[in-house]
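Colleague: Structure for the following, please:
(2 chains)
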Amino acid sequence: EPEVTQTPSHQVTQMGQEVILRCVPISNHLYFYWYRQILGQKVEFLVSFYNNEISEKSEIFDDQFSVERPDGSNFTLKIRSTKLEDSAMYFCASSEGGLAGGRAETQYFGPGTRLLVL
Amino acid sequence: SQQGEEDPQALSIQEGENATMNCSYKTSINNLQWYRQNSGRGLVHLILIRSNEREKHSGRLRVTLDTSKKSSSLLITASRAADTASYFCATGGTGNQFYFGTGTSLTVIP
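Modeller: Modelled structure (predicted):
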C-alpha cells in the first residue's frame, strides 16, 4: 500500500542553523501539507501546497519557513534559522484532492521527523 | 477557533469492551476525520465523515456526526490491546487544512 515517507526520522541541530525536512508524498496525490506537533500538544497545521505554490498557511508559518517541491517526488520544509521552540515532530501529509478538487480529500500522514533544536 | 476538542482526555477499558470518544468543534465544517496515533509515531487515518453524513462504519469503527450539536463520536467495538493509542478528530473547513483536537488517550487492558 502506498505511503508517505519522511527523512530523516530524527534530526538534532544547533539554534540558528538551517534544516531541511524531506517528504515523499504518495505518487498520485496532488495536495501536500506540513503539520507539526510540539511534545504533548496538538497537531498544528503549517502549510498546504498545490500546483507548485502555497495554497494556505497558518500564523506559525512565518518567513523562517519555506516549502518546495524540487522535483516530481520530493516535498521539503526548510527552516532557515532554527529556534528552540521549533523543536517538535514535523509531519508531512498528502491527499489525492482537496476540498474543491472533486477527489478524495483524506490526508495521509508520514511517520514524522523529530526535530530537536539545542 | 475551529479546532476539535475530544473527551474524555483519557479512557481506560478492559479488552473486549467498547470505547467511545467524543469530539466537539466550534464552526461549520465540510468534513471531519478521525486519526489514531501510537506513542511517538505518525498519524493513521481511520475514517472521514462529510457534513451531509450522519454515520459511517469501517470494521469495528463507527463514527457519528451531529452538525446541529457540532459534535462527533468514535465508537470502537470489541476493543483489543492493539487499539491502545491516542485518537484525534480533525475538522476541515473551507480550506484544505485540518484542525486537530487534543486527543483521547485510550488504554485497553488485556
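Colleague: which SS class is the spatially most central residue of chain A?
Modeller: In chain A, the residue lying closest to the centroid (Cα atoms, centre = their mean) is A:Trp34, at 2.6 Å. Three-state call for A:Trp34 (DSSP: H, G, I helix; E, B strand; the rest coil): strand.
Colleague: Next to chain A, which bits of chain B? Give me the list.
Modeller: Residues of chain B lying near chain A by Cβ under 8 Å from any Cβ of the partner chain: B:3, B:30-31, B:33, B:35, B:40-45, B:48, B:88, B:90, B:92, B:94-103. Placement of C-beta: from N, CA and C, glycine included.
Colleague: what stretches of chain A score poorly on pLDDT?
Modeller: Scanning chain A for pLDDT under 70 picks out A:98-104.
Colleague: Show me the helices in it, by range?
Modeller: Shown for chain A, no helices are assigned by DSSP state H.
Colleague: So which bits of it are right by chain B?
Modeller: By Cβ under 8 Å from any Cβ, the part of chain A that sits against chain B consists of A:31, A:33, A:35, A:41-45, A:48, A:50, A:55-56, A:58, A:91, A:93, A:95, A:98-99, A:105-112, A:114.
Colleague: now do 6 Å
Modeller: Residues of chain A found near chain B (Cβ under 6 Å from any Cβ of the partner chain) are A:31, A:42-43, A:45, A:48, A:56, A:98-99, A:106, A:108-112.
Colleague: Could you identify the pair within these that is furthest apart?
Modeller: A:Leu99 and A:Pro111 (25.3 Å; Cβ to Cβ).
Colleague: returning to that earlier point: any of the residues of chain B next to chain A buried? List them.
Modeller: B:3, B:30-31, B:33, B:35, B:42-43, B:45, B:48, B:88, B:90, B:92, B:95-103 (16 or more other Cβ atoms under 10 Å in any protein chain shown).
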